[in-house]
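Undergrad: what follows is a predicted protein model with its sequence.
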Amino acid sequence: MLECDHLMLPDPYNPIVEGHIRETDFYHIFQIGVVQCLSALVNALVERWHPKTHTFHLSVGEYVVTLEDVALILGLSTNGLPITGPTLSRFEAMDAECLDQFGVAPMKSDCRGSFIKLTWKLLPLLYNFAGIIQFSWGSACLAHLYRALCRASRVDCKEVDGPLTLWLTWALIRLSFLAPIPGNP
């Protein structure tokens with residue numbers, strides 16, 4: 001049985017931070033909140049994920065999370081510059097970079113696996129906060145989801161991480177026949 005590795009709810013941010021976030025494409029994401037992890041749905045979909053084709057193979061056909069889904073669900077841009085660069089995974093390096101840029105750093109207990117790798121790749125892009133709108137964040141989010149699903153589908157994997165809000169929202173919208181029936185325990 002896989003466990004859902006979802007980050008805690010974000011701390012409330014002050015009005016100055018909110019103003020900066022509104023200037024980017026990310027404000028919509030802060031309004032979404034966190035989707036409760038539906039373990040049975042997560043496990044059923046991971047079992048049907050095919051890493052070679054990045055599709056879910058169900059008895060009713062193949063399904064895939066697309067860039068259009070990312071744009072509709074998260075409101076992220078799918079046009080723009082690609083997000084590329086080396087991915088380093090040392091917590092100490094990320095800790096120092098966060099302290100340098102923001103004056104605060106995440107707690108080590110909150111940072112595991114792909115969170116560190118993704119954050120470390122994105123941190124240099126945040127030096128020019130006003131310029132982050134030029135990147136294709138939807139593409140990066142979809143690539144991160146595919147990587148997380150490929151990792152979770154391995155036999156030795158015991159947890160799943162990545163953009164679970166995107167994934168579970170997509171599943172409840174696109175695979176409505178799998179959604180729980182309201183009021184039915």
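TA: Yep, that arrived.
Undergrad: hey, where'd the helices end up in the chain?
TA: For the chain, the helices identified by DSSP state H occupy 15-22, 27-32, 39-47, 67-74, 91-102, 114-122, 137-152, 164-174, in order along the chain.
Undergrad: any chance of those helices in TSV, plus mean neighbour count?
TA: C-beta coordinates here come from the backbone N, C-alpha and C atoms, glycine included. Shown next, in TSV, are the helices of the chain (neighbours: other C-beta atoms under 10 Å):
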stretch	mean neighbour count
helix 15-22	11
helix 27-32	13
helix 39-47	16
helix 67-74	18
helix 91-102	14
helix 114-122	18
helix 137-152	20
helix 164-174	19
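Undergrad: between the ones you listed, which gets nearest to His54?
TA: helix 137-152 (5.1 Å; C-beta to C-beta).
Undergrad: dump that closest one to PDB, keeping only the CA atoms.
TA: Coordinates of each C-alpha in helix 137-152 appear next as PDB, following Å, rounded to 0.1, in the frame of the first residue of the first chain:
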ATOM      1  CA  TRP A 137       5.500  26.100 -15.400                       C
ATOM      2  CA  GLY A 138       2.700  23.700 -16.600                       C
ATOM      3  CA  SER A 139       5.200  21.700 -18.600                       C
ATOM      4  CA  ALA A 140       7.500  21.400 -15.500                       C
ATOM      5  CA  CYS A 141       4.600  20.400 -13.300                       C
ATOM      6  CA  LEU A 142       3.500  17.700 -15.800                       C
ATOM      7  CA  ALA A 143       7.000  16.400 -16.100                       C
ATOM      8  CA  HIS A 144       7.300  16.300 -12.300                       C
ATOM      9  CA  LEU A 145       4.000  14.300 -12.100                       C
ATOM     10  CA  TYR A 146       5.200  11.800 -14.700                       C
ATOM     11  CA  ARG A 147       8.500  11.300 -12.900                       C
ATOM     12  CA  ALA A 148       6.600  10.800  -9.600                       C
ATOM     13  CA  LEU A 149       4.200   8.300 -11.100                       C
ATOM     14  CA  CYS A 150       7.100   6.300 -12.800                       C
ATOM     15  CA  ARG A 151       8.900   6.200  -9.400                       C
ATOM     16  CA  ALA A 152       5.700   5.200  -7.500                       C
END
